[in-house]
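[1] the sequence isn't on hand, but the structure is:
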């Protein structure tokens, strides 16, 4: 059984930091093909131009403080000129100040050009990675999805998608520019001032970066716990809302609210810790930078007093450090965002690494259906090794014939349909269609040739037209209308104000059970596959509608290979063969009359259902149309549908 591996939680901060940094480089390496796609020369051009704009922007950013220095020096020079000279002299600082303003505008302009050019590249990466994740989710086995909570899974994908964008944008657009600007600043400081200034700046930057990394790593654990509680709360909310009617049946609204609030309380606690830790991080960063700036400016002030530097030099070191503080401060934010993005991606990476249980062989060919004969040859299967479901089951459904599979609950009837759709691979034996082993053909072509009406019908939260048309998306509306007529649902749709445009609600909850079942039958009729699987296809219908639907299904089943999985034996009387399963083995097989003559398991099931039906009919007649409101729930469903 495929299990979802737990997210590893390293024992120490150092281990977590090393893992996070390794993940950062690994993520960047994996993202590179999306940032520099081989088949998109336009995106490559954008990346190249964005990098050039980044270099120019950082160069202008470093040189702009020189204009500030020169303006200051020109303003502090002794005034020895006359009135006309005064105007000429004032023009120098005015021009320098104007140039300073232009330099800042150019700096911002180059940065914005870089961001604008890279926007399409970043969104291309986000879109393609998100699409791959979505496709991978659909490629995972049914076993995996049965183990997961839908709410938690959707939350992981949602945050993971945002994490992709965060890592891409902050790594490419901020990490590299920050490193480049630091190198430029170090060169200027080393050239304009002596080695002591450079040493102070380097020490300040190292302490700033180490402090930011350590505190951010501490905050990662808080963020992880916050995400876990958020997942738990969201899963509980989705699960509760999907089971809205069940909650109402038992009056457990307060219980559901309490469960949700407990999860939100844990989220609240960790969210508060996140904000408090952020405040400490910001305070520590400002403290480290302020000490470094104070030391450099004190050295420069002393040099100005000694006459070895001008006031412009004092202003220059201040401007350079302020220019350095902006990317440094952003480095702290960038580091947090990348690492938090990695936390959000962590669960998504686990999903992406989750292997698909059922995969096509490299040389798998499309299924070629000539007649549609289905054969189970000594099939054994288990979900868990210690709990076998099918034990050496062998039978054949000849092309164009109908075989029914009946038996007590838990006999393995629905498992047969899942194996036929290859949601799982058999443990032993083989399943073939027209002599082709299902493990040797493409899954897509296999499912294209099989139609399914499940016992538990789930509809999309969309219109009736969409849900019926889902059977064949390229079908004309006239074909959809005809499929609805054959499924005995067209009159019901015609009675609705919006007709086929009626929204069915979440999971189709706006419809009754019988209405949902008929919609499922209609979309399978529209698909018109050569092989049909009817898994309790009429289980939610009243007797009258069941007979009408059965007539339609019999008509659709003509010349098609049909597997009927049924609980009501009255629906399989006309099957070419009836297979009786019990505890994963075939106990009896034959036609309806032959099985009754044998007096075995099938005959006993038939007698019990007949007695129950007769008792129900007697009760109906005695109650005279439910005058006192005591009709069985099955008959209430009849009234609801009619």
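    Great, that's in hand. Because the structure is a prediction, the values reported are computed rather than measured.
[2] domain assignment for this protein?
    For the chain, the structural domains run 29-353, 366-449+529-608, 458-528, going by automatic domain parsing.
[3] closest to residue 619 out of the ones you listed?
    Residue 619 lies closest to domain 366-449+529-608 among those, at 14.2 Å (C-beta to C-beta). (C-beta placed from N, C-alpha, C; glycine too.)
[4] average pLDDT for that closest one?
    Across domain 366-449+529-608, the average pLDDT comes to 85.
[5] need the nearest residue in space to residue 237, chain neighbours excluded.
    residue 260 (5.7 Å; C-beta to C-beta, 6 or more residues apart in numbering).
[6] now the host helix or strand of the one you found, how far from the centre of its chain.
    Taking DSSP states H and E as the definition, one finds residue 260 inside helix 253-306. Taking C-alpha atoms, centre = their mean, to the nearest Å, one finds helix 253-306 lying 31 Å from the centre of the chain it belongs to.
[7] most centrally placed residue in this protein?
    residue 157 (3.1 Å; C-alpha atoms, centre = their mean).
[8] show residues contacting stretch 188-200.
    If you take C-beta atoms under 8 Å, 6 or more residues apart in numbering as the criterion, stretch 188-200 is touched by 62, 186, 201, 292, 295, 296, 299, 300, 313, 316, 317, 320.
[9] tally of neighbours for the fifth one?
    Looking back up the chat, that one is residue 295. Neighbourhood size, residue 295 [other C-beta atoms under 10 Å]: 16.
[10] tell me where the stretch 501-642 of the chain has helices.
    Assigned by DSSP state H, counting those that start in this stretch, the helices in the stretch 501-642 of the chain fall at 513-527, 543-557, 592-598, 601-623, 633-641.
[11] return the most buried member of those.
    Comparing those by mean neighbour count (mean count of other C-beta atoms under 10 Å), helix 513-527 ranks first with a mean of 25.
[12] now for that helix, which elements pack on it?
    Counting contacts by 3 or more C-beta pairs under 8 Å, 6 or more residues apart in numbering; DSSP states H and E, helix 513-527 packs against strand 450-453, helix 464-469, helix 477-486, helix 543-557, helix 633-641.
[13] quick one on the thing from earlier: helices or strands next to the helix holding residue 260 in the packing?
    By 3+ C-beta pairs under 8 Å, 6+ apart, helix 253-306 packs against helix 195-242, helix 311-353.
[14] what's the weakest-modelled helix or strand in the chain?
    Least confident helix or strand, the chain: helix 633-641 with a mean of 39, by mean pLDDT, DSSP states H and E.
[15] in which helix or strand does residue 58 reside?
    Under the assignment here (DSSP H and E), residue 58 is part of helix 41-75.
[16] buried residues, that helix. List them.
    Within helix 41-75, the residues that count as buried by 16 or more other C-beta atoms under 10 Å are 43, 46-47, 50-51, 53-54, 56-62, 64-75.
[17] where does the stretch 151-300 of the chain dip in pLDDT?
    Applying pLDDT under 70 to the stretch 151-300 of the chain picks out residues 151-153.
[18] now do 90
    The stretch 151-300 of the chain contains residues with pLDDT under 90 at 151-202, 204-300.
[19] before we move on, the earlier item: between helix 311-353 and the helix holding residue 58, find me the angle.
    160 degrees (axes from the mean of the first three to the mean of the last three C-alpha atoms, to 10 degrees).
[20] what about the helix or strand following helix 41-75, distance to the chain center?
    Using DSSP H and E, the helix or strand that directly follows helix 41-75 along the chain is helix 83-139. Counting by C-alpha atoms, centre = their mean, helix 83-139 is centred 33 Å from the centre of its parent chain.
[21] stretch 36-43 now?
    Chain-centre distance of stretch 36-43: 26 Å, with C-alpha atoms, centre = their mean.
[22] tell me how far the ends of that stretch are from each other?
    End-to-end distance for stretch 36-43, by C-alpha to C-alpha, to the nearest Å: 7 Å.
[23] residues contacting it, please?
    35, 44, 47, 120, 121, 124.
[24] tell me which residues touch the residue nearest to residue 120 when sequence neighbours are not counted, please.
    Spatial nearest neighbour of residue 120, chain neighbours left out: residue 46 (6.2 Å); criterion: C-beta to C-beta, 6+ apart. The neighbours of residue 46, taking C-beta under 8 Å, 6+ apart as the test, are 117, 118, 120, 121.
[25] burial count for the nearest residue to residue 274 once chain neighbours are set aside?
    Of all residues not flanking residue 274 in the chain, residue 222 sits nearest, at 5.3 Å (C-beta to C-beta, 6+ apart). Burial of residue 222 is recorded as 20 neighbouring residues (other C-beta under 10 Å).
[26] what's the answer for residue 211, then?
    So residue 211, with other C-beta under 10 Å, has 16 neighbours.
[27] residues in contact with it?
    Per C-beta under 8 Å, 6+ apart, neighbours of residue 211: 284, 285, 288.
[28] check residue 414 too.
    455, 535, 565.
[29] and it, its phi and psi?
    phi -70, psi -30 (degrees, to the nearest 10).
[30] so how far is residue 565 from it?
    6 Å (C-beta to C-beta, to the nearest Å).
[31] shared neighbours of these two, anything?
    Common neighbours of residue 414 and residue 565 (C-beta under 8 Å, 6+ apart) are 455, 535.
[32] what sits against the nearest residue to residue 57 once chain neighbours are set aside?
    Excluding its sequence neighbours, the residue lying closest to residue 57 (C-beta to C-beta, 6+ apart) is residue 110, at 3.0 Å. By C-beta under 8 Å, 6+ apart, the contact set of residue 110 is 53, 54, 56, 57, 60.
[33] quick one: the second one and residue 180 touch, right?
    Yes - at 7.1 Å, residue 54 and residue 180 qualify as touching, with contact defined as C-beta atoms under 8 Å.
[34] run through the residues that contact residue 343.
    By C-beta under 8 Å, 6+ apart, the neighbours of residue 343 are 163, 220, 223, 224, 227.
[35] need the contact list for the nearest residue to residue 519 once chain neighbours are set aside.
    Counting by C-beta to C-beta, 6+ apart, residue 519 lies nearest to residue 467, which is 5.5 Å off, once chain neighbours are set aside. By C-beta under 8 Å, 6+ apart, residue 467 lies in contact with 459, 460, 504, 508, 519, 523.
[36] coming back round to it: could the domains of the chain go into JSON lines alongside distance to residue 619?
    Converted to JSON lines, the domains of the chain look like this (distance: least, C-beta to C-beta, whole Å):
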{"stretch": "domain 29-353", "distance to residue 619": "24"}
{"stretch": "domain 366-449+529-608", "distance to residue 619": "14"}
{"stretch": "domain 458-528", "distance to residue 619": "21"}
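[37] residue ranges for the strands of the stretch 351-500 of the chain, please.
    374-384, 387-397, 402-406, 428-433, 436-437, 450-453 (DSSP state E, counting those that start in this stretch).
[38] which residues touch residue 107?
    57, 60, 61, 64.
[39] kindly reformat those as JSON lines containing pLDDT and distance to residue 214.
    Output for the contacts of residue 107, formatted as JSON lines (pLDDT from 0 to 100; distance: C-beta to C-beta, whole Å):
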{"residue": "57", "pLDDT": "81", "distance to residue 214": "30"}
{"residue": "60", "pLDDT": "80", "distance to residue 214": "33"}
{"residue": "61", "pLDDT": "76", "distance to residue 214": "28"}
{"residue": "64", "pLDDT": "75", "distance to residue 214": "33"}
